[in-house]
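Asks: got a sequence here, can you build the structure:
(one chain, ligands or ions: 1)
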Amino acid sequence: MATRGARPPAWRILVAGGGPPGLALALALVRDLGEAVSVSVLDPAFARTQTDGRAYALSAAAAGFLHRIGAWDGLATEPITAMTITDSRIGDAVRPDYLTFGDGLGALGYMVEAADLQDALAGACRSAGIALEAVGADGFSADSFGLDVATSDGGSRRVALLVAGDGGRSRLRELAGIGFVGRRYRQAGLVATIAHERPHCGRAVQHFLPAGPFALLPLPDRDGLHRSSIVWTEDERLARTLLGLPEPEIVAAVEQRSGPELGAVRLLTPLSAHPLALGLARAYRAERLALIGDAAHQIHPLAGQGLNLGLADAEALAHRVGEAVRLGLDPGAAPVLRAYERDRRADAVALAAATDGLNRLFSNDVLPVRVLRDIGLGLVDRAPGLKGFLQRRAAGVAQELR
Ligand SMILES: Cc1cc2nc3c(=O)[nH]c(=O)nc-3n(C[C@H](O)[C@H](O)[C@H](O)COP(=O)(O)OP(=O)(O)OC[C@H]3O[C@@H](n4cnc5c(N)ncnc54)[C@H](O)[C@@H]3O)c2cc1C
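Replies: Prediction:
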């Protein structure tokens, strides 16, 4: 017999995938709803330490969300105070700046290292009592009242909602029968952390080179070293060759692309390569299942927006689940997930199209195309309204205003 005044049982929510979107969602739910929900995050990768030197450019909107859920304070970040875009060939002696952002009006975004962000989010989750379990979600079956998840340790959980944050090649998305449309770019994203002689002064630089963009992104100084993250897009085959080169040759190739401003360079992490793809899920939901992060959308990293989209998914889903739970409604019910999908799909479609278009426009060396795009960049630089819009969009303010 129920005791008078006893709390109703907590809604059980399982997040499969412990990347930043999955962890941020779990944290947002528990911070907002307390004991009304019981949230666990499953990821076999919790048993491993992150080793690649990836860093993220986070928008002001993403930073605000991380701050609200208690994962920002204490995180080592570097504000991006200026951004320069150039368009040239590797050997060009002069690289004119076609477009510059940042007029002392504050940060355009913030750089954070992936390992630091992961540690901050995982630490905040543990402090909030969220179980982080080093197992995978292998399968599931849903009915009108709940969803059973089979885990890689042979166990099974019954939950109200399963959130698939299991990345671009999401197995759960496939099992749910949700199509993923897109294609592989024949490019790889080469990533490393470098130390350099001279300070970056908070400036991010994007060199559009014929094989793809080469970005230099400012990191906080550490151990007395000036540091930056590089994201270097290359033809897939050439990327494989580059990975096999001795370190001095890799450093020479980086210096050739980064130009003279930062002085001599050395690698602080080995170069790692990530295959690049474009993909959009045909739906963000199935019965009692929601997709977030790269499981829902994969975009080219040239605008540094993939994780920003994933964090915005987490915030939107936490908001819709919160609304339902406060009203005593089932958070895994179709109307909740439909509302989440409506909130988020258009943003991902717009960014996927924009980054795909930019990649096509810039990753080629056809002279008339180069001339036209350089005129275009120069015009944007001289049109304060358009430039201001692009600057606000990059910071994620457009998302906040919706
Ligand atoms: C070169 C490069 C540079 C980038 N730079 C930026 C940037 O500057 N800014 C930005 O916003 N974005 C950037 N991105 C995009 C960003 O890295 C991704 O959007 C982000 O990592 C996606 O996170 P995710 O957790 O959704 O997916 P993933 O990072 O793929 O993580 C998925 C997780 O799910 C786990 N998993 C898989 N299967 C299961 C299962 N069955 N059960 C449980 N767990 C499972 C995996 O172990 C993994 O930990 C960049 C991407 C690349 C390639």
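
Asks: and the next element down the chain from the longest strand along the chain?
Replies: Determined from DSSP state E, the single longest strand within the chain is strand 180-196. Counting by DSSP states H and E, the element after strand 180-196 in chain order, helix or strand, is strand 203-209.

Asks: who does the longest strand of the chain touch, helix- and strand-wise?
Replies: Identification of packing neighbours for strand 180-196 by 3 or more C-beta pairs under 8 Å, 6 or more residues apart in numbering; DSSP states H and E yields strand 225-235, helix 236-243, helix 247-258, strand 265-267, strand 272-281, helix 334-362. Bear in mind the C-beta positions are built from the backbone N, C-alpha and C, glycine included.

Asks: point out the most buried one among these.
Replies: strand 225-235 (a mean of 22; mean count of other C-beta atoms under 10 Å).

Asks: that strand pairs with which strands, and in what direction?
Replies: strand 180-196 (antiparallel), strand 212-222 (antiparallel) (DSSP bridges).

Asks: and the stretch 251-400 of the chain, which of its residues are near the ligand?
Replies: H274, G293, D294, P301, G304, Q305, G306, L307, N308, G310 (C-beta under 6 Å from any ligand atom).

Asks: farthest pair within these?
Replies: Using C-beta to C-beta, these span at most 17.0 Å, a distance reached by H274 and N308.

Asks: where does the prediction get shaky in this protein?
Replies: 1-5, 50-51, 87-105, 361-402 (pLDDT under 70).

Asks: contacts only, for the residue most central in space within it.
Replies: Centroid-nearest residue in the chain, with C-alpha atoms, centre = their mean: L307, separated by 1.3 Å. Contacts were defined as C-beta atoms under 8 Å, 6 or more residues apart in numbering; by that measure L307 touches P20, P21, Y56, L58, A62, G293.

Asks: and these as TSV, adding neighbour count and secondary structure?
Replies: Shown next, in TSV, are those (neighbours: other C-beta atoms under 10 Å; DSSP: H, G, I helix; E, B strand; the rest coil):
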residue	neighbour count	secondary structure
P20	26	helix
P21	29	helix
Y56	26	strand
L58	29	strand
A62	29	helix
G293	28	helix
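
Asks: what two of those are the furthest from one another?
Replies: L58 and G293 (14.1 Å).

Asks: so what touches stretch 168-186?
Replies: 16, 137-140, 162, 164, 166, 235-236, 275-283, 286, 289, 291, 294-296, 298, 300, 352, 359.

Asks: show me what counts as buried in that stretch.
Replies: G168, S170, R171, L172, R173, L175, A176, I178, F180, G182, Y185 (16 or more other C-beta atoms under 10 Å).

Asks: look up how far A26 lies from V163.
Replies: 9 Å (C-beta to C-beta, to the nearest Å).

Asks: overlap in contacts of the two?
Replies: Joint contacts of V163 and A26 (C-beta under 8 Å, 6+ apart) are I13, V15.

Asks: in PyMOL, select just the buried ones from the residues of the stretch 251-400 of the chain next to the ligand.
Replies: Only the buried entries of those go into this PyMOL selection, using 16+ other C-beta under 10 Å:
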select buried, resi 293+294+301+304+305+306+307+308+310
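
Asks: okay, the residues of the stretch 251-400 of the chain next to the ligand in a markdown table with secondary structure next?
Replies: What follows is those, written out as a markdown table (DSSP: H, G, I helix; E, B strand; the rest coil):
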| residue | secondary structure |
| --- | --- |
| H274 | strand |
| G293 | helix |
| D294 | helix |
| P301 | helix |
| G304 | coil |
| Q305 | coil |
| G306 | helix |
| L307 | helix |
| N308 | helix |
| G310 | helix |
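
Asks: which single one of the residues of the stretch 251-400 of the chain next to the ligand is nearest to L217?
Replies: Nearest member of those to L217, counting by C-beta to C-beta, is G304, at 7.6 Å.

Asks: I appreciate the help and will end here.
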